[in-house]
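In: show me how the following folds:
(one chain, ligands or ions: 2)
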Amino acid sequence: MNPCEKAGILVESIPYIKQFRNEIVVVKYGGNAMIDEELKQTVIEDIVLMKYVGMNPVIVHGGGPEINALMEKMGKEPVYVNGLRVTDAETMTLVEMALLGKINSEIVGRLNQMGVLATGISGKDGRLLVSEARDPALGLVGKVKEVRGELIHQLLNLDYVPVVAPVGIGASGESYNINADEAASRIALALNAKKLVYITNVEGVLESVESPGSLLSHIHVDEIDDLIARGIVQNGMIPKIKYCRKAVMGGVERVHMINGNKPHALLLEIFTNDGIGTMLTR
Ligand SMILES: Nc1ncnc2c1ncn2[C@@H]1O[C@H](COP(=O)(O)OP(=O)(O)OP(=O)(O)O)[C@@H](O)[C@H]1O
Ligand SMILES: [Mg+2]
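Out: Ligands and ions are numbered 1, 2, ... in the order given. Next up is the predicted model:
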């Protein structure tokens, strides 16, 4: 690439920097996109760049594979119902160990290493994610009743990047396992985020999970129920697409899903004209 082309790419980013400067952008970093060390670092770099050009990224992370690995070590079998993990008390302890003890701490460490100030919190901190049981059959799987965004606003005022583990707090102070897609969507709505990006391990919503070429690059919210009913959207994509819809309907202007297995997918989505992944519209 010649210097002129390089400059062209930087110039292309100007309207995006202008549009999202000082705005909150919620990034949901899926556990399934955290497998490769080098790719993890590219995601961190993208977040650091967003911060340095004046955006306010808020990270909400998942951790499915890490939780499964820990459960396996402890001799427990993961069970899912409609993409949600059935969570007994012992599993909840493992969920917190994996999310807070490992993943959250690692993301915070990597961001700090790159020179931005990051701080890790869970939805229990400052009662960020006030939650209740979703369905007795799912155990300690929670649903978010209320989001108290004060702590995140304070952290953003201090110029920190908040990194949120999706654990909710119940009426008696108990922990709930919150689907990270739900947590991200609710936090984006509560903070009036301008944009919400889900980083996952597929290109976006696919017509056929086996073929990456079958990407649906735009989905209107009215199509979602049909995609689920027809069995096109399954497993972990079910909560994701439903919470994308909630965010879009609630006024988050831009909601996207992108593939974290592609280097710098987040950077390309935020700063360039290239349409990648799936965009939800209403
Ligand atoms: N139509 C579809 N298009 C794309 N992916 C689909 C579809 N239906 C089901 N899926 C599955 O959804 C998965 C993504 O959701 P999943 O919950 O596994 O990941 P994540 O949300 O990114 O990670 P985590 O749950 O750890 O935060 C894909 O890997 C794919 O197997
Ligand atoms: Mg998921």
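
In: from now on I want contacts and neighbour counts done on CA atoms only, so please keep to that.
Out: OK.

In: what is the mean pLDDT for the lengthiest helix in the chain?
Out: Using DSSP state H to define each element, the chain has its longest helix at helix 37-52. Averaged across helix 37-52, pLDDT comes to 97.

In: contact partners of that helix?
Out: 33-34, 56-57, 107, 110-111, 114, 116, 161, 260-267 (C-alpha atoms under 8 Å, 6 or more residues apart in numbering).

In: and with 10 Å instead?
Out: 17, 20-22, 25, 27, 29, 33-34, 55-59, 107-108, 110-117, 159-161, 199, 260-268, 270-271 (C-alpha atoms under 10 Å, 6 or more residues apart in numbering).

In: show me which of these are buried.
Out: The neighbour-count test (16 or more other C-alpha atoms under 10 Å) marks 17, 20-22, 25, 27, 29, 33-34, 55-59, 107-108, 110-112, 116-117, 160-161, 199, 260-261, 263-268, 270-271 as buried among the contacts of helix 37-52.

In: helices - which of these land there?
Out: Per DSSP H, those map to helices at 17, 20, 107-108, 110-112, 265-268, 270-271.

In: please compute how far the helix or strand harbouring Glu90 lies from its chain's middle.
Out: Per DSSP states H and E, Glu90 falls inside helix 89-96. From the chain centre to the centre of helix 89-96 is a distance of 21 Å (C-alpha atoms, centre = their mean, to the nearest Å).

In: change the start of the numbering to 41 and stick with it
Out: With the count now opening at 41, the last piece we talked about shows up as helix 129-136.

In: show me what from this protein comes close to ligand 1.
Out: Contact residues (C-alpha under 6 Å from any ligand atom) of the chain with ligand 1: 70-72, 102-104, 220, 240-242, 244-249, 272-277.

In: which PyMOL command selects the buried ones in those residues?
Out: Applying 16+ other C-alpha under 10 Å to the residues of the chain next to ligand 1, the buried members can be selected in PyMOL as follows:
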select buried, resi 70+71+72+102+103+104+220+240+241+242+244+245+246+247+249+272+273+274+276+277
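
In: bridge partners for Pro202, pull those for me.
Out: Beta-bridge pairing for Pro202 (DSSP bridges): Thr159.

In: so who does it touch?
Out: 66, 96-100, 148, 157-162, 191-196.

In: please apply the same query to Asn96.
Out: 60-66, 87, 90, 193, 196-197, 199-202, 233 are the contacts of Asn96 under C-alpha under 10 Å, 6+ apart.

In: so what's it bridging to?
Out: Under the criterion used (DSSP bridges), Asn96 bridges to Ile64.

In: quick one: the strands in the stretch 191-322 of the chain, in order.
Out: 201-205, 207-209, 215-217, 235-240, 258-260, 294-299, 318-321 (DSSP state E, counting those that start in this stretch).

In: now mean pLDDT too, for these, in TSV please.
Out: Converted to TSV, those look like this (pLDDT from 0 to 100):
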stretch	mean pLDDT
strand 201-205	98
strand 207-209	98
strand 215-217	98
strand 235-240	97
strand 258-260	97
strand 294-299	96
strand 318-321	95
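
In: wait, which of those is closest to Met41?
Out: strand 294-299 (24.8 Å; C-alpha to C-alpha).

In: and for the closest one, what are the contacting residues?
Out: Against strand 294-299 from outside (C-alpha under 10 Å, 6+ apart): 65-68, 70, 73, 225, 228, 233-245, 257-258, 280-281, 283-285, 287-288, 305-306, 308-309, 316-321.

In: show me what it pairs with in its sheet, parallel or antiparallel.
Out: strand 235-240 (parallel), strand 318-321 (antiparallel).

In: how far out from the middle of the chain is that strand?
Out: The answer for strand 294-299 is 10 Å, by C-alpha atoms, centre = their mean.

In: cool, stretch 182-191 as well?
Out: 16 Å.

In: that one: which residues count as buried?
Out: Result for stretch 182-191 [16+ other C-alpha under 10 Å]: buried residues 182-184, 186-189.

In: cool, stretch 80-97 as well?
Out: Judged by neighbour count using 16+ other C-alpha under 10 Å, the buried positions of stretch 80-97 are 80-88, 90-91, 94-97.

In: same question, stretch 254-272
Out: 255-259, 261, 264, 267-268, 272.

In: coming back round to it: alpha carbons of the longest helix of the chain, in PDB - could you do that?
Out: C-alpha atoms of helix 77-92 as PDB (Å, rounded to 0.1, in the frame of the first residue of the first chain):
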ATOM      1  CA  GLU A  77      -4.300 -15.100  22.000                       C
ATOM      2  CA  GLU A  78      -3.300 -12.900  19.000                       C
ATOM      3  CA  LEU A  79      -6.900 -12.200  18.100                       C
ATOM      4  CA  LYS A  80      -7.600 -11.200  21.700                       C
ATOM      5  CA  GLN A  81      -4.900  -8.700  21.400                       C
ATOM      6  CA  THR A  82      -6.300  -7.200  18.200                       C
ATOM      7  CA  VAL A  83      -9.700  -6.700  20.000                       C
ATOM      8  CA  ILE A  84      -7.900  -4.900  22.800                       C
ATOM      9  CA  GLU A  85      -6.000  -2.700  20.300                       C
ATOM     10  CA  ASP A  86      -9.300  -1.700  18.600                       C
ATOM     11  CA  ILE A  87     -10.800  -0.800  22.000                       C
ATOM     12  CA  VAL A  88      -7.700   1.200  22.900                       C
ATOM     13  CA  LEU A  89      -7.900   3.100  19.600                       C
ATOM     14  CA  MET A  90     -11.600   3.900  20.200                       C
ATOM     15  CA  LYS A  91     -10.700   5.300  23.600                       C
ATOM     16  CA  TYR A  92      -7.800   7.400  22.400                       C
END
